[in-house]
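Student: with the input below, show me the fold.
(chains A and B)
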Amino acid sequence: MPSTSLPKAIEASPATRSSPSVVQRLVSRPEFGPLVLLIVEILVFSFLSSRHSVSEAFLTSFPSFLSTSNLSNLLDFTPELGMIALGMTLLMTAGEFDLSVGSVFGFAPVLMWTFANTGATSLEVGFLLAMAVAVIIGFVNGVMVTKLKIPSFLVTLGMLLVVRGSALYITDGFPQRTWSASGPLKDILVGDIFIGDLRFRTSLLWFIAFVAILSYVLTQSRLGNWILAAGGNPDSARARGVRVARTKITLFVLSAVMAAYAGVTSSIRVSAANPNSGTGYELEVIAMVVIGGTALTGGRGTIIGTLLGVLILRMMRNGIVIVGVPGLAYNIFIGAIILGMMALHSWLERRHHAGT
Amino acid sequence: MNNDELVRMEHINKYFGRVQALNDVTLTVRRNEIVGLLGDNGAGKSTLIKILSGALQADSGDIFIKGQKVNLADTVDAIKLGIETIYQDSALVTQLSIARNLFLGREPIKGPRFLNRMDQEAMNEAASGLLRQVGITKDIPPTTPISALSGGERQAVAIARAMHFDSDLIILDEPTNNLGVEETHGVLRFVRNARDSGHSCIFIAHNIYHVFQVVDRIVVLRRGKKVADDIDPKQTTIENVEKIITGLVEA
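Tutor: Purely as a prediction, here's the structure:
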């Protein structure tokens, strides 16, 4: 390949980069750490829970952690937090984050049910109105961050309080009636689907679809390149003609819409629209995203990693209870996983760039 | 005004508060010419090229490109008009690959428009060719992130980008800072290559020796004023130019 007619310009640089093997490429991917962790977690919980309930494991030849009823439960809630995490992944890749998602998760269903219960609109129109309000919330977040140059931490913290306060105010703090939760909206968002014994919901299909779409957007599309550049080096991205502000505003809107959608889905599934629901979700979602390998500082992100991060934390919560660890100890494990994964990512990063 | 002229900045004035950073500066760059812009710290070099690259706006004065009066409101305007600026930190996104950086903001799209799909094969292919063109003969895959490259290689990528998108004028602001000896030679060679392939350059460097090696003409600024315009590096000595820069001798 080296052509002798061209000047050999640069010689004083590190040794030749031979093309890495398949194994090396796999290991150097940011999703590798979380994938290993997820596999270890499944193995540990399967093993511990099968010891824990020997009789059931004997009868069904399945450990209870992997039983169909437990999997069904696991898959109920996973898409809801997962949807928020997908939106958050793109936003964090662009160098911003959104603390208001938990309150939007609580506010959107309250709004929808208030419209429906007062007879002001049908449930479907209420749903669309709630989503439109989410668009406005995300848009305001985005404009304040990009045009007024206020850090997203402060903007979305303020928005968290405004939105949560609105939810409490319009409901007087009481949960909304939701027992009329049936009809097409329910079937579309969280209808039941059975495969043998395994029951899951249409929300899981939506989640999978969004994983595929947003993964495509981030890795294949031009918008994805802009998202990465906006998080990596916004000034040089702007100098190249990338519309950094518009990209970020779009992602703030996406984040809020995903949170509202997840909240509505959740309220229909559990038949409750509580103005306080979703409290603390923002931090759990950010934890899922960073465990998956997305950088808090922007410029690097992975949807598949986030999918793994969501599964890791949901299985942790579920598995800990099943193997008999007190549920209150959950946060100890989550915190330890976050610290461990951060240490692993930083170690891999340094090893990857060793010598340059 | 002749046809040979690529860029002409006329009677540029710029104030920062009450400090006059540029005082009636006129600068021309011809086609296929490398102009060395020299001056002590605070002489106004950076301010002048920031105005030309659209990052700052002059308080008064006009800019002509190929004889047309232009208004450079931001860096995007300047890039569209064929003026690329390569800063010290080379303005690349270190997390992105070489190919993604080369085409950032101008990514080729394939397939239906609404799918917004980047043509990554075409990008990688063009990037490989460009890297060879600027003299990186080592086998660096175009998917390598910038963070894995050395300082000289990064400058090479930035120069490759400027050359690929048919920039008429490439402004290099201290491109040899923080580079090793070999890498510096590499960058100087890219600059000569750029001229040979039909680009003009403005070369700004603290190191007068580097400037002397590549430029056709030296312009000197002192305290916001142009004090020399037409120094031919072949007709003078480094000591002489140093005296002009510090003000010991009038040009």
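
Student: low-confidence ranges, the stretch 151-251 of chain B, go.
Tutor: B:251 (pLDDT under 70).

Student: where do the helices sit along the stretch 51-200 of chain B?
Tutor: B:75-80, B:98-102, B:120-133, B:151-164, B:181-196 (DSSP state H, counting those that start in this stretch).

Student: export the ones you listed to JSON lines and tack on distance to A:Leu37 and mean neighbour count?
Tutor: All C-beta atoms are positioned from the backbone trio N, CA, C, and that covers glycine. Shown next, in JSON lines, are the helices of the stretch 51-200 of chain B (distance: least, CB to CB, whole Å; neighbours: other CB atoms under 10 Å in any protein chain shown):
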{"stretch": "helix B:75-80", "distance to A:Leu37": "43", "mean neighbour count": "19"}
{"stretch": "helix B:98-102", "distance to A:Leu37": "29", "mean neighbour count": "27"}
{"stretch": "helix B:120-133", "distance to A:Leu37": "30", "mean neighbour count": "18"}
{"stretch": "helix B:151-164", "distance to A:Leu37": "34", "mean neighbour count": "25"}
{"stretch": "helix B:181-196", "distance to A:Leu37": "41", "mean neighbour count": "20"}
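
Student: where do the strands sit along the chain?
Tutor: In the absence of a named chain, chain A is used. A:192-195, A:198-201 (DSSP state E).

Student: wait, chain B was what I had in mind.
Tutor: Under DSSP E, chain B gives strands at B:5-16, B:19-30, B:34-39, B:60-65, B:68-70, B:83-86, B:109-110, B:117-118, B:169-173, B:200-204, B:217-222, B:225-231.

Student: redo the ones you listed as TSV? Include mean neighbour count.
Tutor: Formatted as TSV, the strands of chain B follow (neighbours: other CB atoms under 10 Å in any protein chain shown):
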stretch	mean neighbour count
strand B:5-16	18
strand B:19-30	19
strand B:34-39	24
strand B:60-65	17
strand B:68-70	12
strand B:83-86	26
strand B:109-110	12
strand B:117-118	20
strand B:169-173	26
strand B:200-204	25
strand B:217-222	22
strand B:225-231	17
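
Student: need those strands in a markdown table (columns: distance to chain A).
Tutor: Formatted as a markdown table, these follow (distance: least, CB to the nearest CB, whole Å):
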| stretch | distance to chain A |
| --- | --- |
| strand B:5-16 | 19 |
| strand B:19-30 | 21 |
| strand B:34-39 | 17 |
| strand B:60-65 | 18 |
| strand B:68-70 | 17 |
| strand B:83-86 | 8 |
| strand B:109-110 | 6 |
| strand B:117-118 | 5 |
| strand B:169-173 | 12 |
| strand B:200-204 | 16 |
| strand B:217-222 | 24 |
| strand B:225-231 | 27 |
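
Student: turn those into CSV, including distance to A:Val244.
Tutor: Shown next, in CSV, are these (distance: least, CB to CB, whole Å):
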stretch, distance to A:Val244
strand B:5-16, 26
strand B:19-30, 28
strand B:34-39, 30
strand B:60-65, 26
strand B:68-70, 24
strand B:83-86, 18
strand B:109-110, 19
strand B:117-118, 18
strand B:169-173, 22
strand B:200-204, 27
strand B:217-222, 33
strand B:225-231, 36
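
Student: so which of these gets nearest A:Leu37?
Tutor: Evaluated with CB to CB, the strands of chain B place strand B:117-118 nearest to A:Leu37, the distance being 31.0 Å.

Student: residues making contact with the closest one?
Tutor: With CB atoms under 8 Å, 6 or more residues apart in numbering or on different chains as the test, strand B:117-118 has contacts from A:220-222, A:224-225, B:103, B:107-111.

Student: among those, who's most crowded?
Tutor: Among those, the one with the most neighbours (other CB atoms under 10 Å in any protein chain shown) is A:Asn225, at 28 neighbours.

Student: quick revisit: could you say which of the strands of chain A is packed most deeply?
Tutor: Mean neighbour count (mean count of other CB atoms under 10 Å in any protein chain shown) peaks for strand A:198-201 among these, with a mean of 18.

Student: does A:Glu80 touch A:Ser266 like I think?
Tutor: Yes - using CB atoms under 8 Å, A:Glu80 is in contact with A:Ser266, at 4.8 Å.

Student: excluding its backbone neighbours, what's nearest A:Val257?
Tutor: A:Ala134 (4.9 Å; CB to CB, 6 or more residues apart in numbering or on different chains).

Student: quick check, pLDDT for A:Ser255.
Tutor: On the pLDDT scale, A:Ser255 is placed at 97.

Student: how about A:Leu339?
Tutor: Turning to A:Leu339, the model gives it a pLDDT of 88.

Student: quick one: it and A:Gly298, what's the gap?
Tutor: 21 Å (CB to CB, to the nearest Å).

Student: ok, now which ones touch the closest residue to chain B within the stretch 251-356 of chain A?
Tutor: Residue nearest to chain B within the stretch 251-356 of chain A (CB to the nearest CB): A:Gly299, separated by 3.9 Å. Residues in contact with A:Gly299, defined by CB under 8 Å, 6+ apart, are A:93, A:95, A:228-229, A:231-233, B:93-96.

Student: now B:Phe212
Tutor: Neighbouring residues of B:Phe212 by CB under 8 Å, 6+ apart: B:36, B:233, B:238, B:241.

Student: and A:Met258, by the same measure?
Tutor: A:83-84, A:86-87, A:101, A:210.

Student: same question for A:Gly82.
Tutor: A:207, A:211, A:288, A:306-307, A:310.

Student: follow-up on the earlier one: take the strands of chain A and write them to JSON lines, including distance to A:Ala262 and mean pLDDT.
Tutor: JSON lines is the format used below for the strands of chain A (distance: least, CB to CB, whole Å; pLDDT from 0 to 100):
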{"stretch": "strand A:192-195", "distance to A:Ala262": "18", "mean pLDDT": "80"}
{"stretch": "strand A:198-201", "distance to A:Ala262": "13", "mean pLDDT": "81"}
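
Student: closest one of the contacts of B:Phe212 to B:Val187?
Tutor: Nearest member of the contacts of B:Phe212 to B:Val187, counting by CB to CB, is B:Gly36, at 14.0 Å.

Student: the closest one bridge partners, please.
Tutor: Counting by DSSP bridges, B:Gly36 is bridged to B:Phe203, B:Ile218.

Student: where along the stretch 1-150 of chain A do the helices fall?
Tutor: Taking DSSP H, counting those that start in this stretch as the criterion, the stretch 1-150 of chain A carries its helices at A:22-28, A:32-52, A:54-60, A:68-93, A:101-117, A:123-146.

Student: what does the stretch 151-300 of chain A give?
Tutor: Going by DSSP H, counting those that start in this stretch, the stretch 151-300 of chain A shows helices at A:152-171, A:184-190, A:202-220, A:222-232, A:234-239, A:244-270, A:281-291.

Student: hmm, the last one touching chain B?
Tutor: Read it as helix A:281-291. No - using CB under 8 Å from any CB of the partner chain, we find that helix A:281-291 stays clear of chain B, coming within 15.7 Å at best.

Student: what mean pLDDT does that helix have?
Tutor: 92.

Student: list the buried ones in it?
Tutor: Judged by neighbour count using 16 or more other CB atoms under 10 Å in any protein chain shown, the buried positions of helix A:281-291 are A:281-282, A:284-291.

Student: from memory B:Glu242 sits against B:Ile208, does it?
Tutor: Yes - counting by CB under 8 Å, B:Glu242 sits close enough to B:Ile208 to count as a contact (6.5 Å).

Student: re the thing from before, between the contacts of B:Phe212, which has the most around it?
Tutor: B:Gly36 (24 neighbours).

Student: so B:Gly247 sits against B:Lys225, correct?
Tutor: No - the criterion here is CB under 8 Å, and B:Gly247 misses it with B:Lys225 at 10.5 Å.

Student: closest to the centroid, which residue in chain B?
Tutor: Note on chain B: the residue nearest the mean C-alpha position is B:Ile171, at 1.3 Å, using CA atoms, centre = their mean.
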